Every structure is written in structure tokens, then in C-alpha cells.
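Student: For reference, the sequence and a predicted model appear below.
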Amino acid sequence: MIIFRKILYWTIKLAVKLFFLWWSVILIQPGLTQSNFPVRTQWRSPDGSLPMTYQQWKADWESQSRTMDGEVVYRTAGFLKTEVDSFVFGNDYAYFKDFVRHSDGNLCQDLPPQASFIVLLNGNDQKILTDDAPRWSIGDPNISGMGWFGIELGNFNQPAIAIGDSFNIIFSCYKPAEIPQQGSYSKQIIGLPFVAWPSTLYLQDLVIPVPPDSLTLAREGTALRLCWEQLPGVSYTIYRRSQSDTLARNFPRFQYEKIAEGIIDSCYTDGQIDTLDSYGYLLFARDLSSGRTSGRSRDICEHSQRGNVRAIFIQPELYPAIQANIIRLVTDWEAEGAEVVVYSMQFPGASALRDTLRAIDDLQGALLVGNFPVPWFQFCDPDGSNYQEYPADLFFMDLDGIWEDNLYRPSSGPMLPGTDGIYDTHYDDYPRTTEKPEIIIARIIPTPGMGDAEEIINNYLDKVYNYRHDLGDIRQEFRALAYPDDDWNLWGNDIATLYLSQVYQEYLCIYEINATTGVDYRERLNDHYSLLHVWVHSWSGGHAFKVNDGTQNEWFYNFQILPSGSNANFYQLFACSNSSYVEDLNCGAIYALQTSSGINTIGSTHSGGMLHFDYFYTQLSRGISFGEAFFKTFQFVGEHGYNHDMRGWYYGLTFNGDPFIIPQPTAVNTISRKKPVPILQAYELDNYPNPFNSSTRITLSLPAAADVQLSIYNILGQKVRSLERGHLSAGSHRIIWDGKNDAGHFLPSGVYFARLQQSNEVLQIRKMMLMQ
């Protein structure tokens, strides 16, 4: 009898797995991955053509000989392995998976926050799990958006699940402009590991309250005060989770315990907390007439925008070989006053990684070491031109923003309403009115063609350690090279003269037409600059410098970087797609990881790059790290949201390397020579950016000291703002206009004029375009 039961058990388990495999094949649409809709598991081919799998690409690489000026640099790739049984924690223990259908019979394809569920054990609502609960293995998210959902029942604790227990799932779905739907399902655990035949949870139209909204959470002494938007006719139930309640490798359990119910108010003070712990909360609304309960609110946890916690996420296959260097990095970060958490784990999708980042209290930033899920974003002009599809790390940086897939790209023309598995919509989450990110995200991601990933990462971490402690000769001379090619030569020279010089008093700017060439650039790479800032048309595998008055291109390729002896510490790459980490041998990774002294690069995964270098270098001059200046620039631009133009420039920005490195001179090179400032011959007035959507920097230059006035006028000739009035010394002066009038109110979009005058004489007028 025992043998028969075992045979029956394993037969049922095998049948269930085969059923779900069959169902996945017939249900998943082409172009969507099973793990999570915005996640791509395919790498792009080097020429940007059709994607190929890692296995296909690896086979292609291994059939080719790769050399750089005679030096063999290609070795068998040592990472990005796709293991069928690579689990987050281990095998599924009690993962229950089922279908869910709307009242019309169609499979539910909604995603959180529209769709959500909770799970009760043995009918007891004192402790619950939600769709945020972690999986124990790689697979679909708990709400897939493809008609099924799942939950790892093993997350229940005190008590844990046991054979004979029952569980109840309550699933809620709120579709815009439609009646809410809700349904429940009960099942008994007949064995562990748990196996159940797939069935269906049916939803029905129900008049239920909306989930509580506008949640805020703040410390008040030794208590936490939770507030929300109170609605008439409902009471509120509050659940709490502890951040210290974790599974293996520090992963949050997301088990909630009820702490209050029947509240008819807009706030609740939780005084029963451990001041050394951190907490997250959920709310439910209960209709006082019908007794029906809403779906869950979003989770709100203690989370400051600028905490002191730094996280390191490491691809599990890499961790054993780099562990010693990771420990050394953690020690250095702790010496800088940070609390450090380390995760060695993989994720089923980009959303799962983002959820984990959101669950870390006081997070300042995270370093992703190895291959992790990629959040893809697509973008084009309203007429359908300039379409681009690219990785967007802002998805991880902006923890409380909302990202959606609402459009698809037809064969021609603009994008249309629909879905295609790629994010295309990003907006702020209430009550926030900005699109500012909350944390820094940086990557260390060698690509397969670069060689053995473990060796590259260990060598890179050695460089970082040596730079921090000024060991060897890794710190280069404390000076900078600005290298703007033809299309940006004057702007680049202004940035170098006015802003880069605030960090590096000694700098060289090569900006004359025909002076910037591929050959000249290569020869300057080994001139021991601390920072190199280049503006040049590019792709992931190189740069294209304009020559012969812009009539021809001179190419500089990725395979020339190492033979050139490039030895700068930091690289600011205003270079299209140069840091596209999904492309093999991308320049951003080579500059940072493989050059002799490279520490970090800032670049983009698509066309364009950072625009507000004036703000970036001003922040960097205040003694903060490169990553913090990068982060603050993102915050500055996102203060009033990204307009269409800014979205095209900023969404692909990415940071390669340790983000917490501060630019420092060597111990023997603490005195720098300042580049002579040219003598002005006339009054000058300029502003940047232009057009602008939140603020612009106005630069006025005087050949001699003078009493001047700087004012803003509208197109009707009316003065709307006085910015400067008084005596100014000779030279350049920078003034920020925030788009407001003298009364402090934001002005409407339109054309405005900056006017510089002395007494009644108008010296200069500058036309500006404000786009609110």
C-alpha cells in the first residue's frame, strides 16, 4: 500500500508539471517571456539585428578567433549560464498554482496593483500572505498577467503548514471604469511537498470598497504613525510585517499579522514596535453596510530617500569565486558609515528584483554584480519616428513610480494602444508629484566576449580597493580631459570651462573642428587623466568622430581600447548606446572593468546621454561620490517629471562600477594647476538647457565689473521676474531660473526672454523656451 501511494504521488506530480508545460506552450504569446512581461532573456547580436539566445551566441563566439592587436583576449565565457534547476532558495515546497477567470469566463490578464490576492491558513485571518510573498524557485511571478497565479505556502510561519491544513485564497481585481471583481477558493493540503490538480478560481462582479489609498508612514518617537485617505461608510483593518522576519539570504517573508480592525479614522499610531526593527503595513477597507472587504492596499514600509544602507546583489554562480573581494568591499563601505546587506540570489524577473529593493529599509543604493533581469522600455516620437527599445535602470531607481505596458509598435507609424511585453508608460505614484528616483543603481556586468567573468570581477574589485586606499599607481594625475566632437564642441567647451573645472582645476578641452579625431582620441587615452569626458556619435562597440569638416567619419572601436593603454579612472560617455550592457563587448564595460585603472563609467543604453552636466559637476565638486552626483542629477531632472524630450535623453542612463567612489588626487599630487581663463571682449548671455521644463541655468559674462540687471520678460514684453540687480565682477556668473514669476508661481509654457541691461542700455537678450 505504501509503495502504491508513492507511485500514485509521483505520477500525479509528473502529470501536473506536464500539464502546466503544455498550457504554457499554447497560451504564451510570441514575444512574451514566461517569467515576467518586461524581462528579456535574449541578448542582442553585435550588429543589432535579430536577437539570439546565449547558447547560440556562445557557439558562434567559440567558432571565431578574437584578437586585439595580436593579443588574444577572448576566452570561454564564464557566466550567464542558464541552469534549469537554478533556484532562489531551493525546490518548491508547497507552491500552489491555479487559473483565475473573470466573470465573463476570460482568463484574468491583469497585473498588480489592479489584481491582488491574500491567503489565509485554516480560516484564520490573524496572519496572511499576499501576492508579494517570495517564490522559492525560479518561475512565474505570483500574478503572471497570463491567466494564472501562484503562492508558496511554505512562507507561513508560527505556525508552519502541515498535512491536513486548509488554505483560502481571496483574489480581487479592479479594472478601470468597471465593477470590481472578487472570488475565493479553498483547498486542503494532502501531502508535503504539496501537489494539487489545477483548477480555476472564478471571480464575480461585487460592489466592494476600493483599497485604501494615499498611505503615509512616519516615525514619532518610539511609535509609527500610519495615515491614509478616509472614505465614508467603511472601517479599516491594519496588518503589519517585520523586516527582520526573513527567509534564507535575507529575503523578506512578507507574512503579515493583523494588529487593528474596526478603525473609523484616517490615522493609526502603532506603539507596539521594536525600535531596532523596521516594519511594513497593509490596509483593507470594510463596508459597514454589506460587510464586504476590499482588496489589499499597497505595502508601505519605512523607507527614506537617503538612507545609509547599501546592498550588493550577486549572481549565485559567481559568488564563491569572488566572495573574498566582496567581503573586502563590504568592509570598505562599512568604514564609510554604511550598513551593508549582501544577496547571492537570482530573480524570476525585473519586478521581483525591484520588489526586493523596495523592501530594504533606508536603502541608499545597490550594486548588481553579474547577470540580472533587464527592465526594457520603448520610446518613439508621436509620429512613430525615432523608435528605440532599450534597458532602463531607472525602473529600479524609481521605487514608487508606476511602470506599465500600454502600447505596442505596429509595422509602421506611431505606437498604438495595446500590449507587447515592453514598458512604455512611467508616471508618478500618488501622493508623489515628481518622478524623482529614490536610490542609486550600478552594475558590474562583464559580457561573455570579455573573458572569464570571475577573473574580470576580481581584478576590478582589486582596482577599487587600491583606489580607495591609494595603493600602487592606480590614481591618475588629478586632471581631466574634455573631448567634445564637432556637433557638441562649443557646448562641451562651456561645460569644461564653467563646470568640469569646479572638480578638476587642471583640465584640457579639445574642441576645435577637425581637432577631434579617432586617431587623436586614441593617442590621448593613456595620458593619465583622472577623468575623461567624451561627446561623440557612437554605438555599443565604438565611436564615430567627424573629420574633414564633418564630411567623413573616423572610427574608434572597442577592440582598440585595451591596446591603446587607456588608463583614466573615470569615464563620462556622452556616446549613444556605448554603455548598453546587453551588448557584448560594449565600450562602457571595457572602459570600467578591463582597463588598467578604470573605476566607473556613466553612459547610456540608447541614443543620447546625460544633458545636465552643469548640475552633475557642481554636485560632484561638493565632495560626494560619482554615484551620488549621478543620482542627484536624476532627481533634479525628475523634480517636475520627465517631458517627452527629457525622457528620450535620460531613461537609458546607466552606471558601471562602484558608485560610492569619490574623485581624489594621489597623496603626492595634491596641488593642481588652474587653466588660465580667457579674457572676455564683450558681454555674453546664454542659457542651458533650452528648451527646458523645470529650470535653466543662465550664464552672463562681463568683460569688466559693472552694475547690471538681469530680468525675464514674456512674449508681450511684460517683466515677469527679476533675477539679478547689482554690482557684478568681471567674468562669468551663473544664475538658475526656476520657471517662476516674482510671486513664486510657475509660469505657463511659452517663449520668454532673458534681458541683461546696464542702466537703460540693453546689453544682451536671450530667447528661451519654457515647456512645463
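Tutor: Good, I have the coordinates. All figures in this text were calculated on a predicted structure; none of them were measured in a lab.

Student: other SSEs contacting whatever helix or strand residue 615 lives in?
Tutor: Applying DSSP states H and E as the criterion places residue 615 in helix 613-620. Secondary-structure packing of helix 613-620 (3 or more Cβ pairs under 8 Å, 6 or more residues apart in numbering; DSSP states H and E): helix 489-495, helix 501-503, helix 626-638. Placement of C-beta: from N, CA and C, glycine included.

Student: in that helix, what's buried?
Tutor: Buried residues in helix 613-620, counting neighbours by 16 or more other Cβ atoms under 10 Å, are found at 613, 614, 615, 616, 617, 618, 619, 620.

Student: So what angle separates the directions of it and helix 626-638?
Tutor: 130 degrees (axes from the mean of the first three to the mean of the last three Cα atoms, to 10 degrees).

Student: Could you save the buried residues of helix 613-620 as JSON lines and add columns showing distance to residue 162?
Tutor: Putting those into JSON lines (distance: Cβ to Cβ, whole Å) gives the following:
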{"residue": "613", "distance to residue 162": "61"}
{"residue": "614", "distance to residue 162": "63"}
{"residue": "615", "distance to residue 162": "58"}
{"residue": "616", "distance to residue 162": "57"}
{"residue": "617", "distance to residue 162": "61"}
{"residue": "618", "distance to residue 162": "61"}
{"residue": "619", "distance to residue 162": "56"}
{"residue": "620", "distance to residue 162": "57"}
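
Student: Mind picking the one among those that's closest to residue 549?
Tutor: residue 613 (26.2 Å; Cβ to Cβ).

Student: Residue 768 contacts residue 747, doesn't it?
Tutor: No - the criterion here is Cβ atoms under 8 Å, and residue 768 misses it with residue 747 at 11.0 Å.

Student: nearest to residue 655, of the buried residues of helix 613-620?
Tutor: Residue 655 has its nearest neighbour among the buried residues of helix 613-620 in residue 616, at 12.0 Å by Cβ to Cβ.

Student: Ignoring the adjacent residues along the chain, who's closest to that closest one?
Tutor: Excluding the flanking residues, the one nearest residue 616 by Cβ to Cβ, 6 or more residues apart in numbering is residue 633, at 4.6 Å.

Student: Hmm, that neighbour is touching residue 612, no?
Tutor: Yes - Residue 633 is within contact range of residue 612, at 5.4 Å (criterion: Cβ under 8 Å).

Student: circling back to that earlier point, include distance to residue 235 and pLDDT when you put the buried residues of helix 613-620 into JSON lines, please.
Tutor: What follows is the buried residues of helix 613-620, written out as JSON lines (distance: Cβ to Cβ, whole Å; pLDDT from 0 to 100):
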{"residue": "613", "distance to residue 235": "53", "pLDDT": "92"}
{"residue": "614", "distance to residue 235": "53", "pLDDT": "88"}
{"residue": "615", "distance to residue 235": "48", "pLDDT": "87"}
{"residue": "616", "distance to residue 235": "50", "pLDDT": "93"}
{"residue": "617", "distance to residue 235": "54", "pLDDT": "93"}
{"residue": "618", "distance to residue 235": "51", "pLDDT": "87"}
{"residue": "619", "distance to residue 235": "47", "pLDDT": "86"}
{"residue": "620", "distance to residue 235": "52", "pLDDT": "91"}
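
Student: And the strands in the stretch 401-550 of the chain?
Tutor: Secondary structure of the stretch 401-550 of the chain, counting by DSSP state E, counting those that start in this stretch: strands at 402-404, 407-408, 416-417, 425-427, 440-444, 477-484, 507-509, 529-535, 537-539, 542-547.

Student: returning to what we had before: and the helices and strands packed on helix 613-620: which comes nearest residue 449?
Tutor: Ranking the helices and strands packed on helix 613-620 by proximity to residue 449 (Cβ to Cβ) places helix 626-638 first, at 26.2 Å.

Student: After the closest one, which helix or strand is next?
Tutor: Counting by DSSP H and E, what follows helix 626-638 is helix 644-650.

Student: remind me which residues of the stretch 51-200 of the chain are low pLDDT?
Tutor: Across the stretch 51-200 of the chain, the ranges flagged by pLDDT under 70 are 51-92, 137-139, 197.

Student: how near is residue 241 to residue 272?
Tutor: According to Cβ to Cβ, to the nearest Å, residue 241 stands 14 Å off from residue 272.

Student: Just want to know which of these two has more residues nearby.
Tutor: Taking neighbours as other Cβ atoms under 10 Å, residue 241 and residue 272 compare with residue 241 leading, 24 against 9.

Student: Run through this structure and note the low-pLDDT ranges.
Tutor: Applying pLDDT under 70 to the chain flags residues 1-92, 137-139, 197, 248-251, 302-307, 428-435, 639-644, 666-682, 772.
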